[in-house]
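1. this one's structure only:
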């Protein structure tokens, strides 16, 4: 059962917070490993293309070197954004505001946080912002 936090909202229990912190740690380790792997893969593409006379436009082997470089760069950007979101979540834990919706201030459910530990909004606000940002209005 949730406990009341110093700021009047319902907070995570100590067991729930420990589970979230463990999840954040595992996700950080996985994201850091992914980032390192992508950096190495990106560097390998760059190193291989330095001395090669590559005809990117007419590669009979399939995907072009430019495409692979762009694909890896995009994945690397996503990994770094995830690492940044995980660091921000850890900062919110230290500031005792983790689990509070950044829009309405109500608590974010434990189930949502376990599924999406970097969540900054409750389900209601997340649904509302999705509807508002959809092209159909």
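-> All right, it came through fine. Keep in mind that this is a model prediction, so the values were computed, not measured.

2. looking at this, residue 104 is in a helix?
-> No: counting by DSSP: H, G, I helix; E, B strand; the rest coil, residue 104 is not part of a helix but coil.

3. which stretches of this structure aren't confidently modelled?
-> 1-10, 51-63, 129-137 (pLDDT under 70).

4. all strands in it, in order from the N-terminus.
-> With DSSP state E as the criterion, the chain has strands at 3-4, 10-11.

5. Domain ranges for this structure, per the record?
-> The record's domain split for the chain, according to automatic domain parsing, is 12-97, 99-137.

6. In CSV, list these along with mean neighbour count.
-> C-beta: built from backbone N, CA, C; applies to glycine. Putting the domains of the chain into CSV (neighbours: other Cβ atoms under 10 Å) gives the following:
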stretch, mean neighbour count
domain 12-97, 13
domain 99-137, 15
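
7. now the residue nearest the centre of the chain: how far from residue 65?
-> Central residue of the chain (Cα atoms, centre = their mean): residue 82, 2.7 Å from the mean position. To residue 65, residue 82 is 26 Å away according to Cβ to Cβ, to the nearest Å.

8. Also residue 47?
-> Distance from residue 47 to residue 65, by Cβ to Cβ: 12 Å.

9. which strands and helices sit next to the helix of greatest length in the chain?
-> The longest helix of the chain (DSSP state H) is helix 14-50. Helix 14-50 makes packing contacts with helix 65-94, helix 110-115 when contacts are defined by 3 or more Cβ pairs under 8 Å, 6 or more residues apart in numbering; DSSP states H and E.

10. how about the ones you listed, which one is nearest residue 12?
-> In terms of Cβ to Cβ, the element of the helices and strands packed on helix 14-50 nearest to residue 12 is helix 110-115, at 6.3 Å.
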